[in-house]
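Asks: Sharing a sequence plus its predicted fold:
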Amino acid sequence: LSTSMLPRREQHRLQLREVIKEFQRFPGDVGSSEVQVARLTRKIHDLAEHLKVHRKDHSSRRGLQGLLSQRRSLLQ
């Protein structure tokens, strides 16, 4: 079973789960700073890819700015 055959939303969910597994401190950890930053980074990457195709999607661009701001505050 290939993940490329799944709907895009399911692909994103699987990618986020993999990111969480990679950065969690203990099983079930979804709230630590490392996990939050990693999840935000993944979402930022996905949204940036979306904006490369849909350049005039201003609401998504605004959402991207919010995610960047949130990640920046977690990193400080």
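Replies: Okay, I see it.
Asks: For this protein, give me the ranges with low pLDDT.
Replies: 1 (pLDDT under 70).
Asks: what helix or strand is the nearest residue to L47 once chain neighbours are set aside on?
Replies: Closest residue to L47 apart from its sequence neighbours, by CB to CB, 6 or more residues apart in numbering: L64 at 4.8 Å. All C-beta atoms are positioned from the backbone trio N, CA, C, and that covers glycine. If you go by DSSP states H and E, L64 is part of helix 58-75.
Asks: other SSEs contacting that helix?
Replies: On a contact count with 3 or more CB pairs under 8 Å, 6 or more residues apart in numbering; DSSP states H and E, helix 58-75 meets helix 33-53.
Asks: which residues are contacting the helix it packs on?
Replies: Identification of contacts with helix 33-53 by CB atoms under 8 Å, 6 or more residues apart in numbering yields 12, 15-16, 19-20, 22-25, 29, 57, 60-61, 63-64, 67-68, 70-71, 74-75.
Asks: relative to helix 58-75, how tilted is that helix?
Replies: 160 degrees (axes from the mean of the first three to the mean of the last three CA atoms, to 10 degrees).
Asks: now helix 33-53, how far from the centre of its chain.
Replies: 3 Å (CA atoms, centre = their mean, to the nearest Å).
Asks: do the same with stretch 27-47
Replies: 6 Å.
Asks: Then stretch 18-37?
Replies: With CA atoms, centre = their mean, you get 13 Å for stretch 18-37.
Asks: What residues of it count as buried?
Replies: 19-20, 23-24, 35-37 (16 or more other CB atoms under 10 Å).
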